[in-house]
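Q: Here you go, sequence then predicted model.
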Amino acid sequence: MAKPALTTTTTTTMTRTVLEPFSHFDLSSHSRKTTIRSLALATSPSDPQHAFLYVGTYSGTLFSLSTILTNSASSNASDHSNHNAASAESTFLHKLKFQRSVSVGDSPVESIFVLAELGKILILSEGSLFLVDSELTNHATRLSFPKGVSVVARRVRSGGGESEGASEQASSSSGSGGQRFLKRLGSGVRVNGLRVSKEGDAQGEGNSVFAIVAGKRLLLAELVLSGGVSGSLAILKEIQFVDGVISTMVWLDDSIIVGTANGYSLISSVTGQSGVIFSLPDVSRPPRLKLLRKEWRVLLLVDNVGIIVDPHGQPVGGSLVFRHGLDSVGEISSYVVIVSDGKIELYHKRNGSCVQVLPFGGEGIGPCIVASEEDRGGKLVAVATATKVVCYQKLRSEEQIKDLLRKKNYKEAVSLVEELEAEEVQTGFCRFLGIGVETIVDNDLFLNPPNRADLLESAIKNISRYLEACREKDLTQSVREGVDTLLMYLYRALNRVEDMERLASSTNWCVVEELEQMLEESGHLRTLAFLCASKGMSSKAVSIWRILARNYSSGLWKDTALNNNIPYSRENLVSGKGIAAAEAAKILEESSEQDLILQHLGWIAEISQVLAVKVLTSDRRVVQLNPDEVVTAIDPQKVEILQRYLQWLIEDQDCSDTQLHTLYALSLAKSAIEEFESENLDTGNTESTSGSSIFQTTARKRLQVFLQSSDLYDPEEVLDLIEGSELWLEKAILYRRLGQETLVLQILALKLEDSEAAEQYCAEIGRADAYMQLLEMYLDPQDGKEPMFNAAVRLLHNHGESLDPLQVLEKLSPDMPLQLASETLLRMFRARVHHHLQGQIVHNLSRAVDIDARLSRLEERSRHVQINDESLCDSCDARLGTKLFAMYPDDTVVCYKCYRRQGESVSVSGRNFKEDILIKPGWLVSR
């Protein structure tokens, strides 16, 4: 079976008061040495107001408690919900009456099953099953049965379809999608045209038959009583199940749903065959099941997500997403009860919203247990911590509404009333919505009455107008779903295709499951594709567009999207295939599902390479695609798609992968070679090819730009590919990357005869011998080619000053006409003499400056200073006398002590002679 889609509603309202604390029990007042292990709740068959609570402990003791339900709920329910368990117990709660206790053994009481119609209690403890009467007046009796029992599930019958859930199941198997939807709008439950009482549903619990897991065996057994408390379990059947160890189990009708560490499976109790419902993730919490008796369905838990399935294991409706992990799960009326971390949370089964949160024990109290009545109309739920039990009673609907009105929460009150109407009262559609639109009476209608077909069409149109007005109102989610889904049915009845597509492609609340079959059968696949896309069902939507592109001929429909200036309107998308490819591409541009994108890339590329490129290079997706897998998936024949994708990766995404750079260079080189060869063969082919290309420039031009701009490709691989081609400029670029200067000059000067490029390359090299090497190539081209005298003269004219005239004269050919080079050679000689004379002048000036510096230094070293008794230190004003002293270049004199303090570079005046050099006049240099 397919894994269910987790379609959820995560609205958290927490605005209702559904439960209120009612009574409590403290185990520590009876036994301080044990804690609570299991819990069961049941009402007396003879007196529904009398409830019994059975508490199993880790020490192997079973306690029996009782309470009397009140006829009316407390008017202070809103106050109750705001107090914690401790204050509730001491202020509001009654005590549960202790009845009796019985010892089962020394091991924990793992599970308790109340057989109310038999007056018995079935107990699982220490891998064995025990039986005791419901009043605990006798000792527990061990049943004769194989040991090692770990899981027990009692068979439950769904009551022959008299419940709401069963009626929906029956209709789903026998009626059309439209009938199921219209029945969903009706608030009552009818079977074969007869009204069924809500409180009088026949349940047929199954005759004390159990599914028991003992070791690795799954046994079906019946409890047979032989008088008193004695009894036995008669094995009816053994079912082989090998898919893991069963840890949880529910038996509903003929289906046994089990949970293992691997996942959930369904076993037929009739045939014994099994099938996987879905597998659990590798890292997840242990599986857990809960029978929902009100709807006769089963809740499967995956971590904090609950999935509701029918007796056949098929998902029904959306999933429930709980805000936290949970310790235990129960059920009361239309709500699922979750306990975790000292809190009780109520979630509505239909819309998944959290309607109430009740604290009862505070955080850190440890695991908790919840027990609910095994009755579809139950009003009690019990929650147990290690030593305490608290019972909660469901408020009557009238009290809930009054409480909401007291809080002035009118919107939630109306929502609750609508839910009650949907469950209990069957009214017309207009009354169900409770809103209206104005209509105008046409007098001609009475003078010229239309026929039946016209009346029907007019009625459908009016209802459509009514529903269109309803869409503008602030409605609940379920009502919005009903309005939009019915509106789609009506548009289909009127064959208003444009309105169908407009509704499907806009924000809507249509239920896809209800419309899918109708749209497929009527051939409105475009509408179905738009609808699936609006609901995030990308895979199904793109698959439908693929079918349309394959089967629909060109011009079969008019593309209304082209009139709305969509991003692809610039393309010539006039065919049905082009429209389908454009719509599929819009979906894939926003999708991050790589497998889905690569799966459909091929057929989109066959229709439009531009669309395929936009899908691959879209920046609207959250997670980009894996380049290696995309490159592998692209059709080798679609070279331009590959090149455009690699170009986008390198230029727009700054990809630095050397393999991708090399792949891009090789692909461009192959295209450039083919392009060059085709140009030589037939120019007309080139024009037709360039007309259909997605690039505005030729492959060779793109190759040249890339080879010069990128440093990450492998030039040797590219050279190997183009070695035998005529792509000389590309070869020059690659040889330049490899440092082959001679080969580059040969290609530029001799093959391409581009003197300017050759001279520019010599300037990049920066050595004079490069120009001399180029001159040699011009004068002696080899391979029988005539000397290139004009190019040589140009080189001498532009760069002759940097060449040695003697070497130039040696290289000049005797065949070179003198008049071509005479003027250039003369200028070279003049420049050479000028440089020589200029060098002599600079040399002599430098020598004069050096002599002047030496003379000044000699004069400074020859200076004498006369000190007498009156001479003072310029820093501390101390008499120098016979003391040591120092004199700075600025003629300041200081004692040796001040010299040590000042240093040799800074004088008393503050002048730093290393930074501010003192220049004294000389014979050559003056101030």
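A: Everything's here; your move. Residues are numbered from 1 along each chain as shown.

Q: what helix or strand is residue 786 on?
A: Counting by DSSP states H and E, no helix or strand carries residue 786.

Q: just residue 158 next, same as before
A: Residue 158 is part of no helix or strand when elements are defined by DSSP H and E.

Q: Just give the number of residues close to residue 246.
A: Around residue 246 there are 22 other residues, counting by other CB atoms under 10 Å. Every C-beta, even on glycine, is put in place using the N, C-alpha and C of the backbone.

Q: no wait, residue 880
A: Neighbour count of residue 880, defined by other CB under 10 Å: 18.

Q: What residues does it make contact with?
A: 867, 871, 872, 873, 893, 895 (CB atoms under 8 Å, 6 or more residues apart in numbering).

Q: From residue 502, how far off is the last one?
A: According to CB to CB, to the nearest Å, residue 895 and residue 502 sit 103 Å apart.

Q: for the third one, same thing?
A: Counting by CB to CB, the gap from residue 872 to residue 502 is 106 Å.

Q: same check, this time on the fifth one
A: Applying CB to CB, one obtains 103 Å for the distance of residue 893 from residue 502.

Q: Looking at those two, which is more packed in?
A: When residue 893 and residue 502 are compared for neighbours, residue 893 comes out ahead with 20 against 15, by other CB under 10 Å.

Q: Disregarding residues adjacent in the polypeptide, which is nearest to the more buried one?
A: residue 887 (5.0 Å; CB to CB, 6 or more residues apart in numbering).

Q: Would you check that that neighbour makes contact with residue 865?
A: Yes - taking CB atoms under 8 Å as the contact criterion, residue 887 and residue 865 are neighbours in contact, 5.6 Å apart.

Q: Could you check which of these two has the larger neighbour count?
A: The neighbour comparison of residue 887 against residue 865 (other CB under 10 Å) goes to residue 887, with 15 against 9.

Q: next one: phi and psi at the more buried one?
A: Here is the backbone geometry of residue 887 (degrees, to the nearest 10): phi -120, psi 130.

Q: From residue 147, how far off is residue 215?
A: Taken as CB to CB, the spacing of residue 215 relative to residue 147 amounts to 8 Å.

Q: next one: residue 46
A: Here the criterion is CB to CB. By it, residue 46 lies 36 Å from residue 147.

Q: cool, residue 602 as well?
A: When distances are taken as CB to CB, residue 602 and residue 147 turn out to be 61 Å apart.

Q: now residue 51
A: When residue 51 is compared with residue 147 (using CB to CB), they lie 34 Å apart.

Q: and what of residue 837?
A: 120 Å.

Q: from memory residue 528 sits against residue 518, does it?
A: No - applying CB under 8 Å as the test, residue 528 and residue 518 come out as separate, 9.2 Å apart.

Q: More neighbours: which of those two?
A: When neighbours are counted by other CB under 10 Å, residue 528 comes out ahead of the other of residue 528 and residue 518, with 24 against 18.

Q: Checking my notes, that one in a helix, right?
A: Yes - membership of residue 528 in a helix is supported by DSSP: H, G, I helix; E, B strand; the rest coil.

Q: Need the nearest residue in space to it, chain neighbours excluded.
A: Using CB to CB, 6+ apart and skipping the chain neighbours, the partner closest in space to residue 528 is residue 519 (4.2 Å).

Q: So what's the residue count around the one you found?
A: Summarising burial for residue 519: neighbours were counted as other CB under 10 Å, giving 23.

Q: residue contacts, it?
A: Applying CB under 8 Å, 6+ apart, one finds that residue 519 lies in contact with 492, 525, 527, 528, 531.

Q: Per-residue pLDDT of it, please?
A: Predicted confidence (pLDDT) for residue 519: 92.

Q: okay, and the common contacts of residue 887 and residue 865?
A: Once CB under 8 Å, 6+ apart is applied, the residues that residue 887 and residue 865 both contact turn out to be residue 893.

Q: and residue 776, how many neighbours?
A: Residue 776 is flanked by 14 other residues according to other CB under 10 Å.

Q: Got the confidence number for it?
A: What the model reports as pLDDT for residue 776 is 77.

Q: can you check residue 534 too?
A: Residue 534 carries a pLDDT score of 93 in this model.

Q: Assess the claim that it and residue 503 are in contact.
A: No - Residue 534 lies out of contact with residue 503 (CB under 8 Å); the separation is 9.2 Å.

Q: Pick out whichever of those two has more residues nearby.
A: Neighbours per residue, other CB under 10 Å: of residue 534 and residue 503, the larger number sits with residue 503, 22 against 17.

Q: show me what contacts the spatially closest residue to the more buried one that is not a sequence neighbour?
A: Closest residue to residue 503 in three dimensions, ignoring its sequence neighbours and counting by CB to CB, 6+ apart: residue 488, at 6.1 Å. Contacts for residue 488 (CB under 8 Å, 6+ apart) come out as 500, 503, 504, 510, 515, 527.

Q: secondary structure class for residue 488?
A: The local conformation at residue 488, judged by three-state DSSP, is helix.

Q: could you point out where the stretch 751-900 of the chain is predicted with low confidence?
A: Residues of the stretch 751-900 of the chain that meet the criterion pLDDT under 70 lie in 800-836.

Q: let's go with 50 and repeat that
A: Within the stretch 751-900 of the chain, not a single segment meets pLDDT under 50.

Q: Please enumerate the helices of it.
A: All helices of the stretch 751-900 of the chain, identified by DSSP state H, counting those that start in this stretch, fall at 755-765, 768-779, 789-799, 805-811, 818-861, 896-902.

Q: got the ones you listed as a markdown table, with distance to residue 32 columns?
A: Listed next are these as a markdown table, based on distance: least, CB to CB, whole Å:
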| stretch | distance to residue 32 |
| --- | --- |
| helix 755-765 | 94 |
| helix 768-779 | 101 |
| helix 789-799 | 107 |
| helix 805-811 | 113 |
| helix 818-861 | 107 |
| helix 896-902 | 88 |
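
Q: Quick one: buried ones out of the contacts of residue 880?
A: 873, 893, 895 (16 or more other CB atoms under 10 Å).

Q: Need the residues you listed in JSON lines (columns: distance to residue 158).
A: Written out in JSON lines, the entries for the buried ones among the contacts of residue 880 read as follows (distance: CB to CB, whole Å):
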{"residue": "873", "distance to residue 158": "118"}
{"residue": "893", "distance to residue 158": "120"}
{"residue": "895", "distance to residue 158": "117"}
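
Q: Among those residues, which ones are in strands?
A: Assignment to strands by DSSP state E places the following of the buried ones among the contacts of residue 880 there: 893, 895.

Q: what residue ranges in the protein are flagged as low confidence?
A: Applying pLDDT under 50 to the chain flags the ranges 1-13, 72-91, 160-206, 425-441, 553-574, 684-690, 925-927.

Q: how far away is residue 310 from residue 640?
A: In this structure, residue 310 lies at 52 Å from residue 640, with CB to CB as the measure.

Q: Residue 100: how many residues sit nearby?
A: Neighbour count for residue 100, taken as other CB under 10 Å: 11.

Q: Show me what the strand or helix carrying it packs onto, helices and strands only.
A: Counting by DSSP H and E, the secondary-structure element that holds residue 100 is strand 97-103. Contacting strand 97-103 under the criterion 3 or more CB pairs under 8 Å, 6 or more residues apart in numbering; DSSP states H and E are the following elements: strand 61-68.
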